[in-house]
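J.: A structural model of the following input is requested.
(one chain, ligands or ions: 1)
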Amino acid sequence: MRRYLYRCTLCCTTSPMCFGTAELDAQSNHHRAAVHSGHYPDGERSGAVDRTGRWYADMGPLTTLHSLLADAFADLRDPTGQGLRLWAWALSWLTLSTAGLLTVWVSGVVLSL
Ligand SMILES: [Zn+2]
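T.: This next block holds a predicted model:
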């Protein structure tokens with residue numbers, strides 16, 4: 001399940017976790033209408049975040065992939081949960097490490113032929 005946040009840098013507030021873009025739009029529109037008379041505050045931000053609230057846009061590609069995998073594993077048991085699940089985090093790193101080592105091994109076999 002994808003998670004989204006809306007952040008208003010003028011008010012220094014962040015929306016509750018949203019579980020869809022429609023919910024995110026409702027949160028951001030409500031904040032703009034209630035606090036900023038419908039205007040768009042400078043520096044506002046909205047986008048997808050992981051279970052711990054980190055913005056995917058701020059992560060590097062490997063960290064994003066790891067976080068997406070860890071969230072997917074953790075969502076199998078708790079689809080709307082938040083926070084770090086250590087077992088999912090470790091399983092994600094194990095999956096990425098195995099894929100990397102398998103790639104190196106297959107490359108070595110192919111190059112040695
Ligand atoms: Zn605001």
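J.: the lengthiest helix in the chain - contacts with which helices or strands?
T.: For the chain, the helix that runs over the most residues, judged by DSSP state H, is helix 86-112. When contacts are defined as 3 or more CB pairs under 8 Å, 6 or more residues apart in numbering; DSSP states H and E, helix 86-112 sits against helix 61-77. C-beta here means a position set from N, CA and C on the backbone, and glycine is covered the same way.
J.: buried ones in the longest helix of the chain, by neighbour count?
T.: For helix 86-112, burial by neighbour count (16 or more other CB atoms under 10 Å) applies to Ala88, Trp89, Leu91, Ser92.
J.: what sits against Thr103?
T.: Under the criterion of CB atoms under 8 Å, 6 or more residues apart in numbering, Thr103 has no neighbours.
J.: and the longest helix of the chain, how far out from the chain middle?
T.: 22 Å (CA atoms, centre = their mean, to the nearest Å).
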